[in-house]
Structure formats: structure tokens, C-alpha cells
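*Asks:* Need coordinates for the following:
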Amino acid sequence: MPFLDITVIPVPNANKAAYLEHSAKVSPFFREKGATAVTETWGEDVPDGKLTDFKKAVQLQANESVAVGWITWPDKATRDAAWEALMQDERMAGMDMPFDGKRMIFAGFDLIAEN
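*Replies:* Numbers count the residues shown, from 1 in each chain. Next up is the predicted model:
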């Protein structure tokens, strides 16, 4: 069953192109290790919630947008092995991120339905 790594990231609007560049650089590394897809999205219609929402989740600041991305893996075992290898990969070390990684949220999910 496919497994997804999902991220929610606050990105300065001025860094949108740099964010896409960063994704283009790292996506091949994920694919090398078995990812079947790497998807990036940019928040265009992100409403304010009453209790919580995407903006609150990442402490969105003025002149930032919420980017949501996911990496699709064939299964969790492939994902776990990939991340272990990627954390040792010199190409990943010291890579500049065009966003505040401290406010990024991420998690892994089992895909349970595609309708």
C-alpha cells in the first residue's frame, strides 16, 4: 500500500521560485531511493479557521504563503530505507532551504482510500 510523506511549510512569497528550484533539486534524490512521485502545491485559497487552520499550524507571517507537498512511496519500508540513506547523502547536507524549517510540519501517512 502506498505511503505518503506530507509537509506543510510557510514560504515567503518572494521565495516561491527558490522553493520550486529547491524542490527540483531534491526530487531526483527521492526518486533515486524509490519515490514514485513528488508533488508540490502553493496555497491560493487558504481560509482562516475558527479554532485552527493551515496558517495557524505554521505560524504564517505577513507576505508568506502555505506550501503543501507530498512524496509518494510504494510502501513505508521503502520510505524508511530511503530517508535513512538520504540523511547520509552528501548532496543533501548543507542544502539551503528557502523557508523556515522550524515552522514546517511533516508526517507520514498510510494511503487508505483513493476514490
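
*Asks:* all contacts plus neighbour counts: C-alpha atoms, from now on.
*Replies:* OK.

*Asks:* Pull out the buried residues from stretch 52-65.
*Replies:* Phe54, Lys55, Val58, Leu60, Glu64, Ser65 (16 or more other Cα atoms under 10 Å).

*Asks:* CA atoms only: put that stretch into CSV for me.
*Replies:* The C-alpha coordinates for stretch 52-65 follow below in CSV (Å, rounded to 0.1, in the frame of the first residue of the first chain):
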residue,chain,number,x,y,z
THR,A,52,-7.1,26.0,13.8
ASP,A,53,-6.1,26.1,10.1
PHE,A,54,-3.1,25.8,7.9
LYS,A,55,-1.9,29.3,8.6
LYS,A,56,-2.0,28.8,12.4
ALA,A,57,-0.3,25.4,12.1
VAL,A,58,2.8,27.0,10.6
GLN,A,59,2.5,30.4,12.3
LEU,A,60,2.2,32.1,8.9
GLN,A,61,3.6,35.6,8.8
ALA,A,62,2.8,38.5,6.5
ASN,A,63,4.0,38.1,3.0
GLU,A,64,4.1,34.3,3.3
SER,A,65,2.1,31.5,1.7
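
*Asks:* Can you give the distance from it to the centre of its chain?
*Replies:* 15 Å (Cα atoms, centre = their mean, to the nearest Å).

*Asks:* So for that stretch, mean pLDDT?
*Replies:* Average pLDDT, stretch 52-65: 97.

*Asks:* contact partners of that stretch?
*Replies:* Outside stretch 52-65, the residues that touch it by Cα atoms under 8 Å, 6 or more residues apart in numbering are 8-14, 42-43, 46-48, 66, 103-105.

*Asks:* where do the strands sit along this structure?
*Replies:* 3-12, 37-42, 64-73, 105-110 (DSSP state E).

*Asks:* Is it possible to get TSV of those that adds distance to Met87?
*Replies:* Below are the strands of the chain laid out as TSV (distance: least, Cα to Cα, whole Å):
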stretch	distance to Met87
strand 3-12	15
strand 37-42	18
strand 64-73	16
strand 105-110	16
